[in-house]
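Student: This is the structure alone, sequence omitted:
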């Protein structure tokens with residue numbers, strides 16, 4: 001399993017009138033964690049896009065368990081549990097500084113050839129960087 005953890009502090013701008021982290025912020029937190037994981041393994045979205053690979057989100061699922069509050073420090077743990085084919089699925093767990101599970105989620109992204117605008121198999125560079133020789 002491939003995984004990484006990214007810390008995010010909840011700013012005042014991230015909160016709603018109740019003082020909770022606004023629910024719509026979590027997909028952004030997921031994206032930050034996902035790009036950090038890829039970067040950890042030598043894959044930057046920018047480089048993939050410059051090489052004709054797009055990765056649009058196909059599905060997003062979120063389960064809210066407890067609210068994050070202003071000034072909380074969140075650990076967004078993202079993992080990949082399956083070798084990707086034409087799609088890649090990322091799993092997320094969000095914890096606060098007390099190590100309480102606040103949120104879980106999942107995104108599935110497709111691999112798209114940016115010139116043809118058609119789905120492709122997972123590029124070999126991604127498989128090599130994430131999983132070694134396959």
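Tutor: Here it is on my side, so go on. These numbers were taken from a predicted model, which means no experiment stands behind them.
Student: what about residue 46, how many residues close to it?
Tutor: 9 (other C-beta atoms under 10 Å). In this view, the C-beta of every residue, glycine as well, is placed from N, C-alpha and C.
Student: tell me the phi and psi of it?
Tutor: Main-chain dihedrals, residue 46, degrees, to the nearest 10: phi -60, psi -40.
Student: just checking, what packs against the helix ranked longest in the chain?
Tutor: Determined from DSSP state H, the single longest helix within the chain is helix 26-40. Under the contact criterion of 3 or more C-beta pairs under 8 Å, 6 or more residues apart in numbering; DSSP states H and E, helix 26-40 touches strand 2-9, strand 57-64, strand 73-80, strand 87-95, strand 101-110.
Student: Can you name the residues in contact with that helix?
Tutor: Residues outside helix 26-40 that contact it (C-beta atoms under 8 Å, 6 or more residues apart in numbering): 2-6, 8, 44-45, 60, 62, 64, 74, 76-78, 80, 90, 92, 94, 103, 105, 107.
Student: repeat that for 6 Å
Tutor: 4, 6, 8, 45, 60, 62, 76, 78, 90, 92, 103, 105 (C-beta atoms under 6 Å, 6 or more residues apart in numbering).
Student: So what's the gap between that helix and the chain middle?
Tutor: Distance of helix 26-40 from its chain centroid, counting by C-alpha atoms, centre = their mean, to the nearest Å, is 4 Å.
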